[in-house]
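Chemist: Next come a sequence and a model predicted from it.
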Amino acid sequence: MTRRIVVLLALLGLMAGTTAAQDAKTVLQAASKAMGADNLKTIQITGTGTAGAVGQSYSPNDDWPHFDVPKYTRTIDYTAKSSKEELTRRQGTYPPRGGGGTPIQGEQQQVLIVSGNSAWNMQGTNANPAPAAADIRQLEIWLTPHGFLKAAMAAPNPTAISVAVSGPSTAGMTQGGRKATIVSFTALGKYRINGTINDQNLVENVQTRIPSPVMGDMLYDLRYADYRDFGGVKFPALIHIHQGDPRLNAGHNSSEIKVTNVQANVTVPAVTVPDAVRQAKVPPVKVESQKLADGVWLVAGGTHNSLAVEFRDYVTVVEAPLNEERSLAVIAEVNKLVPGKPIRYLVNTHHHWDHSGGLRTYVAQGTTVVTHQGNKEYYEQVVFSPAPWTLEPDRLAAYYPYYANNRTPAIETVNQKYVLSDGARTMDLYPVQGLAHNSTMLIVYLPKERILVNADLWNAPAAGAQPPAAPTPGMITLQQNIQRLKLDVAQHVPIHGAVGTMEDFSKIVAKQPSN
């Protein structure tokens, strides 16, 4: 009897799968007709809104910093698989807290282009290759309402499930028990996309997950509301996008565009991919070490630096930026500089993604992370979570030595002052007070060597470059903390850029108005 039931359930499952695929096509065809997608080849969207700096929140519990977008235009050619996104950003009335360029001075123009497998940014007449962005920008074409319908219709095996959504309305989402259908398919061979089509045959929500070196399979949630008719094409007047992890912060609002006009089947000039863009590849990780003092090395070679400090029985590394690839290269260099000694501690200056993207690599090999106490819950529950990483698995996702033994990664926290010492060498860690860039920032001080390490507060000018005419807010805050802590600094070691002297730093800081 049991075996007959199992066989019957298996047959019903196969039948359900076939029905779901057929239902998906029917639902997609109805939505495509209702939204005017059948004969839509190109589209141009204009509007205004906001843009967020993803991964650059003031604290782990805050939303992304936001900027005003007074001008927004996006032109898509679905047939050519190309998109040109143009926007103007300014600080507006948003508080200047967090990273990502905060505060913006004046207005910034951004032009982001993708054509097939090539991506680039325009700066004036210069085309700057962005090969690492090509995959996601191509995906974003198919996350638009009409792009979703076209990609789902072309997919070999889309599936569908009927749902009744209840609860409060969110950005115009289906509510009150009305019927909706979630259609699912795989795009670009690896991104599972779920689109919600409501009882009016309108696409109101599209979700997928994209790879992040901090959050793994990160939620990318696009909500479409307030549909209007633009010359026979129905398009949402409100586009609201979330990117992040909802476990600790349900916000993570990355952008919102209020659409003012939509033009269907506009003439789009053929996109010519510049040769330099077509030939561009993601550059390999480059590591260059520079000895700053006995047992102290700057590990540079890219946009972000690390510092390696040798103690009697171990090594401490300051900062694990960007991603696992960078961390593996830095670890290999440290092992050459100090053979035979384990990297026992990794000091993390702050939680911004470009400064914490390589933390998991150190955790996977048993290194203890030292960070501000305000980061602990975020790192334990989100960054070092045992949730599966399927898109771009890293070492921690592949092995998880801690969770296999019911352990959690070792995290030491800094409240007011934290000292690492072996009796001969001392490293002092201090939280930065009064900083608008980040609420959980640490500076690192080596008292014997008179070396101060900072992230995002002051970067010494490159050789031959002119120093700034006035100090930045970060420099002023750094100077205030140096004075408060009575630190005797000779060398400034930034996480970005070249090493500078206290003399150079003081000359710039002295330019601030006396009031």
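Modeler: Thanks, I have it.
Chemist: can you pull out the strands in the stretch 351-500 of the chain?
Modeler: Ranges of strands in the stretch 351-500 of the chain, per DSSP state E, counting those that start in this stretch, are 368-372, 411-414, 418-421, 426-431, 442-446, 451-454, 491-494, 500-501.
Chemist: of those strands, which approaches residue 464 most closely?
Modeler: Minimum separation from residue 464 across the strands of the stretch 351-500 of the chain (CB to CB) falls at strand 500-501, 14.0 Å. C-beta coordinates here come from the backbone N, C-alpha and C atoms, glycine included.
Chemist: after the closest one comes which helix or strand?
Modeler: On the C-terminal side of strand 500-501, the closest following helix or strand by DSSP states H and E is helix 502-509.
Chemist: elements contacting that following helix?
Modeler: Contacts defined by 3 or more CB pairs under 8 Å, 6 or more residues apart in numbering; DSSP states H and E place helix 502-509 against helix 473-485, strand 491-494.
Chemist: continuing past the helix or strand containing residue 112, what's the next helix or strand?
Modeler: Applying DSSP H and E as the criterion places residue 112 in strand 107-115. The C-terminal neighbour of strand 107-115 among helices and strands, as given by DSSP H and E, is strand 118-123.
Chemist: Quick one: mean pLDDT for that next one?
Modeler: For strand 118-123, mean pLDDT rounds to 98.
Chemist: Stretch 495-509 too?
Modeler: On average, stretch 495-509 scores 95.
Chemist: Find the residue ranges of this protein scoring beneath the pLDDT cut-off.
Modeler: 1-22, 165-177, 250, 401-407, 514-515 (pLDDT under 70).
Chemist: That one - how does it break down into domains?
Modeler: Split into domains by automatic domain parsing, the chain comes to 19-276, 298-509.
Chemist: chain center to the longest one, what's the gap?
Modeler: Spelled out, it's domain 19-276. 16 Å (CA atoms, centre = their mean, to the nearest Å).
Chemist: same check, this time on stretch 376-388
Modeler: Using CA atoms, centre = their mean, the offset of stretch 376-388 from its chain centre is 16 Å.
Chemist: Now it: buried residues?
Modeler: Residues of stretch 376-388 classed as buried by neighbour count (16 or more other CB atoms under 10 Å): 376, 378, 379, 382, 383, 384, 385.
Chemist: So which of the residues you listed are in helices?
Modeler: The helices, defined by DSSP state H, take in 376, 378 from these.
Chemist: Looking at the buried residues of stretch 376-388, which is nearest residue 223?
Modeler: Nearest to residue 223, judged by CB to CB, of the buried residues of stretch 376-388 is residue 382 at 22.2 Å.
Chemist: returning to that earlier point: single out the most deeply packed of the helices and strands packed on helix 502-509.
Modeler: Highest mean neighbour count of those: strand 491-494, a mean of 22 (counted as mean count of other CB atoms under 10 Å).
Chemist: Run through who's touching that strand.
Modeler: By CB atoms under 8 Å, 6 or more residues apart in numbering, the residues outside strand 491-494 that reach it are 292, 298, 305, 307, 449-455, 457-460, 499-502, 504-505.
Chemist: Over to stretch 273-290?
Modeler: With contact meaning CB under 8 Å, 6+ apart, stretch 273-290 is reached by 115-116, 118-120, 127, 129, 131-132, 297-302, 308, 325-326, 328-330, 332-333, 337, 499.
Chemist: Using CSV, lay out the strands of the stretch 351-500 of the chain together with distance to residue 314.
Modeler: As requested, the strands of the stretch 351-500 of the chain are exported to CSV (distance: least, CB to CB, whole Å):
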stretch, distance to residue 314
strand 368-372, 10
strand 411-414, 14
strand 418-421, 9
strand 426-431, 12
strand 442-446, 16
strand 451-454, 18
strand 491-494, 20
strand 500-501, 28
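Chemist: To residue 107, which of those lies closest?
Modeler: Short answer: strand 491-494, nearest of those by CB to CB, at 27.4 Å.
Chemist: Let me see the contact set for the residue lying closest to residue 461 once chain neighbours are set aside.
Modeler: Nearest non-adjacent residue to residue 461, counting by CB to CB, 6 or more residues apart in numbering: residue 467, 5.1 Å away. Shown in contact with residue 467 (CB under 8 Å, 6+ apart): 461, 504, 507, 508.
Chemist: Looking at those, state which has the most neighbours.
Modeler: residue 508 (20 neighbours; other CB atoms under 10 Å).
Chemist: ok so, going back, in helices, which of the contacts of stretch 273-290 fall?
Modeler: Checking those against DSSP H, those in helices are 325, 326, 328, 329, 330, 332, 333, 337.
Chemist: As TSV, these with distance to residue 42 and neighbour count would be great.
Modeler: Converted to TSV, those look like this (distance: CB to CB, whole Å; neighbours: other CB atoms under 10 Å):
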residue	distance to residue 42	neighbour count
325	37	16
326	39	24
328	43	16
329	43	19
330	45	30
332	48	12
333	49	18
337	55	16
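Chemist: Just the closest of these to residue 317, please.
Modeler: Using CB to CB, the ones in helices among the contacts of stretch 273-290 come closest to residue 317 at residue 330, 6.9 Å.
Chemist: now that closest one: how far from residue 267?
Modeler: Taking CB to CB, to the nearest Å as the measure, residue 330 falls 50 Å from residue 267.
Chemist: Residue 31 too?
Modeler: For residue 31 relative to residue 267 (CB to CB), the value is 26 Å.
Chemist: So which of the two has more stuff around it?
Modeler: A count of neighbours by other CB under 10 Å puts residue 31 above the other of residue 31 and residue 267, at 26 against 7.
Chemist: tally of neighbours for residue 100?
Modeler: Neighbours of residue 100 (other CB under 10 Å): 21.
Chemist: Also residue 444?
Modeler: Neighbour count of residue 444, defined by other CB under 10 Å: 25.
Chemist: Surely it is in contact with residue 306?
Modeler: No: Residue 444 is beyond contact range of residue 306, at 11.1 Å (criterion: CB atoms under 8 Å).
Chemist: picking up where we left off before, with distance to residue 418 as added columns, please give the helices and strands packed on helix 502-509 in TSV.
Modeler: As requested, these are exported to TSV (distance: least, CB to CB, whole Å):
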stretch	distance to residue 418
helix 473-485	13
strand 491-494	18
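Chemist: closest one to residue 259 among those?
Modeler: Closest approach to residue 259 among the helices and strands packed on helix 502-509 is made by helix 473-485 (35.1 Å; CB to CB).
Chemist: now the angle between helix 502-509 and that closest one, please.
Modeler: 120 degrees (axes from the mean of the first three to the mean of the last three CA atoms, to 10 degrees).
Chemist: can you put the domains of the chain in JSON lines and add distance to residue 285?
Modeler: As requested, the domains of the chain are arranged in JSON lines below (distance: least, CB to CB, whole Å):
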{"stretch": "domain 19-276", "distance to residue 285": "13"}
{"stretch": "domain 298-509", "distance to residue 285": "4"}
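Chemist: Show me which strand runs longest in the protein.
Modeler: Longest strand in the chain, counting residues (DSSP state E): strand 216-230.
Chemist: Neighbouring strands of that one in the sheet, and parallel or not?
Modeler: Next to strand 216-230 in the sheet, as set by DSSP bridges, lie strand 203-212 (antiparallel), strand 233-244 (antiparallel).
Chemist: closest one to residue 47 among those strands?
Modeler: strand 233-244 (8.0 Å).
Chemist: Can I get the closest one in PDB? Just the C-alpha atoms.
Modeler: Output of strand 233-244 as PDB, limited to C-alpha atoms (Å, rounded to 0.1, in the frame of the first residue of the first chain):
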ATOM      1  CA  VAL A 233       2.300  50.200 -22.900                       C
ATOM      2  CA  LYS A 234       1.500  49.700 -19.200                       C
ATOM      3  CA  PHE A 235       4.500  50.600 -17.000                       C
ATOM      4  CA  PRO A 236       4.800  51.200 -13.200                       C
ATOM      5  CA  ALA A 237       5.000  54.900 -12.200                       C
ATOM      6  CA  LEU A 238       7.000  53.700  -9.100                       C
ATOM      7  CA  ILE A 239      10.000  51.400  -9.100                       C
ATOM      8  CA  HIS A 240      11.400  50.500  -5.600                       C
ATOM      9  CA  ILE A 241      14.400  48.300  -5.200                       C
ATOM     10  CA  HIS A 242      15.900  46.500  -2.200                       C
ATOM     11  CA  GLN A 243      19.400  44.900  -2.100                       C
ATOM     12  CA  GLY A 244      20.700  43.200   1.100                       C
END
